[in-house]
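Novice: give me the fold of what follows.
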Amino acid sequence: AAAPKPKPKPKARPKKRAKREAPPPEPEVETEPLPPAPADDAVAEGAALAPRAFREKLSKALDKLGGRYTLETSPGVRGNLQPAAQVCASGQRDAHYGAVLPALVVSILRHARFQPGETFADVGSGIGTAVLQTALTTACARATGVEVVQTRHEAALRVHAALRELLTDDERSILEAKCALCLGDAFSDSTSAFLASCDVLFVNNASGTMAPERVAGTALDEQLANVAKRCRVGSRLIAMDRIPLLDECNAFKLEQFYSSERAVTWTDAPVPLYVYAKKADVWTCRRCTFANPLMDDYHFITECQACSDEMRSRFGLNDGERISGRRSRSPRPT
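Specialist: Here you go, the predicted structure:
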């Protein structure tokens, strides 16, 4: 008799793949016509120097101090300044250093669409050259540099004094009226409130150099986003690396541009820059289109209030319980 055929094995059920959360949508990159580039030999109305004349006088001032390279590689400016101690009282350690050169400052102000009578601030101003350039070559109302490292601030004051000696009386009076080099923590309450009042902010956070650092347990990029969200509508923040909290917020318009070659001190290659222009004091939920305020009295509002109320009601969450901490599915019937 023929052997019975073996019963076919039941097909194994395919394993359910874990649902992955969709990544946040990329911000739209919008561009508008740029103003014409300033003439290299022309002095703008309300300014003291043409861009070329500023570069020449800055070069002579730096030569008096031993040259840019010598000054920037000195123990008090570059690198790990105080291995066994905090750089500042707020908790930042190992302050990174890298400078933008004058040609890039011109490009930054152009892409920021900097207007006569506006205010400019450099967050982490180093030896102060970007602040000096803005004060002397534009019709700004004020150019301010905030530097947390005391030895860098002292170097900036030496550059300021050396440059001041090369100016005429009229040029010197413009410098004194417009330029301020300050020592302090940019993210203290008083200084961050001042920065939030400025029209254009610049920060060199290239390659995430600010993101790993922490002040009182908070990443510096997050502190920077805190300042940007407090700024008035129409203000602009120019950064050398993306700021995630601003990328996720549709209250800012983002524009990207690239520098020319040899525009910064840490590489000869072109580097990207990002202009965040604040267009609203609210952000719109992509799910329900509810307009949420950017901040309350203490921190950012990153969870839609309308969606939160609906979900809490549906799943019986407590008022203090976040939606993200609970599984968003209905309970199985008993």
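Novice: need the pLDDT of the residue lying closest to residue 43 once chain neighbours are set aside.
Specialist: Nearest residue to residue 43, sequence neighbours excluded (Cβ to Cβ, 6 or more residues apart in numbering): residue 50, at 4.8 Å. (Glycine included, C-beta is placed from N, CA and C.) According to the prediction, residue 50 has pLDDT 97.
Novice: so residue 50 sits against residue 56, correct?
Specialist: No. Residue 50 is beyond contact range of residue 56, at 9.7 Å (criterion: Cβ atoms under 8 Å).
Novice: more neighbours: which of the two?
Specialist: Using other Cβ atoms under 10 Å as the criterion, residue 50 and residue 56 rank with residue 50 on top: 18 against 13.
Novice: got the contact list for the more buried one?
Specialist: Under the criterion of Cβ atoms under 8 Å, 6 or more residues apart in numbering, the contact list for residue 50 reads 39-43, 137.
Novice: give me the buried subset of the residues you listed.
Specialist: Listed as buried from these are 43, 137; burial here means 16 or more other Cβ atoms under 10 Å.
Novice: where along the stretch 51-200 of the chain do the strands fall?
Specialist: Applying DSSP state E, counting those that start in this stretch to the stretch 51-200 of the chain gives strands spanning 119-123, 142-147, 179-183, 200-203.
Novice: tell me which of those lies nearest to residue 157.
Specialist: Residue 157 sits nearest to strand 179-183 of all these, at 6.3 Å, using Cβ to Cβ.
Novice: what's next to the closest one, contact-wise?
Specialist: The contact list for strand 179-183 (Cβ under 8 Å, 6+ apart) reads 125, 128, 131-132, 135-136, 142-148, 150, 153, 156-157, 160, 191.
Novice: try 7 Å
Specialist: Strand 179-183 is touched from outside by 125, 128, 131-132, 135, 142-147, 150, 153, 156-157, 160, with contacts defined as Cβ atoms under 7 Å, 6 or more residues apart in numbering.
Novice: ok, now stretch 224-242?
Specialist: Contact with stretch 224-242 is made by 108, 112, 192, 195-196, 198-208, 210, 243, 245-246, 271, 273-281, 294-295, 300, as judged by Cβ under 7 Å, 6+ apart.
Novice: at 6 Å instead, please
Specialist: 108, 112, 192, 195-196, 199-206, 208, 243, 245-246, 273-278, 294-295 (Cβ atoms under 6 Å, 6 or more residues apart in numbering).
Novice: could you turn the buried ones of those residues into a ChimeraX selection?
Specialist: The ChimeraX command for the buried members of the contacts of stretch 224-242 (criterion: 16+ other Cβ under 10 Å) is given here:
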select :108,112,192,195,196,199,200,201,202,203,204,205,206,243,245,246,273,274,275,276,277,278,294
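Novice: point to the residue nearest the middle of the protein.
Specialist: residue 239 (4.0 Å; Cα atoms, centre = their mean).
Novice: weed out the non-buried ones from the contacts of strand 179-183.
Specialist: 125, 128, 131-132, 135, 142-147, 153, 156, 160.
Novice: between the residues you listed, which is nearest residue 102?
Specialist: Here the nearest of the buried ones among the contacts of strand 179-183 to residue 102, counting by Cβ to Cβ, is residue 132; it sits at 9.7 Å.
Novice: where does the stretch 151-300 of the chain dip in pLDDT?
Specialist: Low-confidence segments of the stretch 151-300 of the chain (pLDDT under 70): 207-218, 296-300.
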